[in-house]
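**Student:** Here's a sequence, model it:
(chains A and B)
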Amino acid sequence: DIQMTQSPSSVSASAGDRVTITCRASQDISSWLAWYQQKPGKAPKLLIYAASSLQSGVPSRFSGSGSGTDFTLSISSLQPEDFATYYCQQANSFPYTFGQGTKLEIQ
Amino acid sequence: EVQLVQSGAEVKKPGESLRISCQGSAYFFPNYWITWVRQMPGRGLEWMGTIDPSDAYSTYSPSFQGHVTISADKSISTAYLQWSSLKASDTAMYYCVRSMATYYYGMDVWGQGTTVTVSS
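**Tutor:** Numbering: from 1, shown residues only, chains lettered A, B, ... in the order given. Coordinates of the predicted model:
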């Protein structure tokens, strides 16, 4: 299986800040990476697919980059509704493993 | 509105069997794979396995292979996740989610989740 490692595991920030979350794959996954946001008690929501493509309806303050083994999710100006847990997922080969998650908390 | 609607919460005893369901609506069901994702209490997301409803091909994570079975009935736009013998460690929230079969645009539509509680 491909292992996905996110960092940090948690981060504290304030509204208006820029935040970057990283995700590293244990082997080359090209651009087969997606990012999801999950709020407590809710199903996850797709933010980014193919490493950098913004899902329809997702605000443009979210962006993704990277290829190969190293990827980032950036949020340019945090809004109160962005405080949540974020997961990366590889889709290069089955099983399509997730990272362990990054919890974004209000500072 | 495109939706995946899951069956309701379940409370079971260890050793019992269970099947939960996920019904798609407002889209052509055979064109999208259905994946099941586990989330244990307070934990992260785990990819369990996926099925192509068009031909019932399925594949599983080694962590779940042999313990669960994923199936689908395209005639009623429904996918299933089943256990023949539940364990207490199966207590979790289970989500179904779709992804396009022809190209991976991410998993874009999620069910609301089904809570499974296994306790003696």
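
**Student:** For residue 31, report the pLDDT, please.
**Tutor:** Just going to use chain A. Residue A:31 is assigned 96 on the pLDDT scale.

**Student:** The intended chain is chain B.
**Tutor:** 96.

**Student:** I'd assumed residue B:74 was in contact with it.
**Tutor:** No - using Cβ atoms under 8 Å as the test, residue B:31 is too far from residue B:74 to be in contact (10.1 Å). C-beta: built from backbone N, CA, C; applies to glycine.

**Student:** The two: which is more packed in?
**Tutor:** residue B:74 (16 against 13; other Cβ atoms under 10 Å in any protein chain shown).

**Student:** Pull up the overlap in contacts between residue B:31 and residue B:74.
**Tutor:** residue B:54 (Cβ atoms under 8 Å, 6 or more residues apart in numbering or on different chains).

**Student:** Against residue A:65, how distant is residue A:93?
**Tutor:** 22 Å (Cβ to Cβ, to the nearest Å).

**Student:** same question, residue B:82
**Tutor:** For residue B:82, the distance to residue A:65 - Cβ to Cβ - is 40 Å.

**Student:** For the nearest residue to residue B:77 once chain neighbours are set aside, grab the count of nearby residues.
**Tutor:** Nearest-residue entry for residue B:77: residue B:29, 3.9 Å, with adjacent residues in sequence omitted and distances by Cβ to Cβ, 6 or more residues apart in numbering or on different chains. Summarising burial for residue B:29: neighbours were counted as other Cβ under 10 Å, giving 21.

**Student:** Tell me what residue A:62 is bridged to.
**Tutor:** residue A:75 (DSSP bridges).

**Student:** Let me see the contact set for residue 63.
**Tutor:** As the question left the chain open, I've gone with chain A. A:48, A:52, A:54, A:73-74, A:76.

**Student:** think we crossed wires, I meant chain B
**Tutor:** Residues in contact with residue B:63, defined by Cβ under 8 Å, 6+ apart, are A:95, B:46, B:48.

**Student:** Tell me the spatial nearest neighbour of the residue in chain B that chain A sits nearest to, not counting adjacent residues.
**Tutor:** Ranking the residues of chain B by distance to chain A (Cβ to the nearest Cβ) places residue B:106 first, at 3.3 Å. Using Cβ to Cβ, 6+ apart and skipping residues adjacent in sequence, the residue nearest residue B:106 is residue A:49, 3.3 Å away.

**Student:** Run a quick neighbour tally on the one you found.
**Tutor:** Neighbours of residue A:49 (other Cβ under 10 Å): 26.

**Student:** Quick check: phi and psi at it.
**Tutor:** Dihedral pair for residue A:49: phi -130, psi 170, per degrees, to the nearest 10.

**Student:** pretty sure it is touching residue B:104, no?
**Tutor:** Yes - assessed by Cβ under 8 Å, residue A:49 is found in contact with residue B:104 at 7.0 Å.

**Student:** Give me the common contacts of these two.
**Tutor:** With Cβ under 8 Å, 6+ apart as the test, residue A:49 and residue B:104 both reach residue A:34.

**Student:** circling back: quick one: which of the contacts of residue B:63 is nearest to residue B:19?
**Tutor:** residue B:48 (14.4 Å; Cβ to Cβ).
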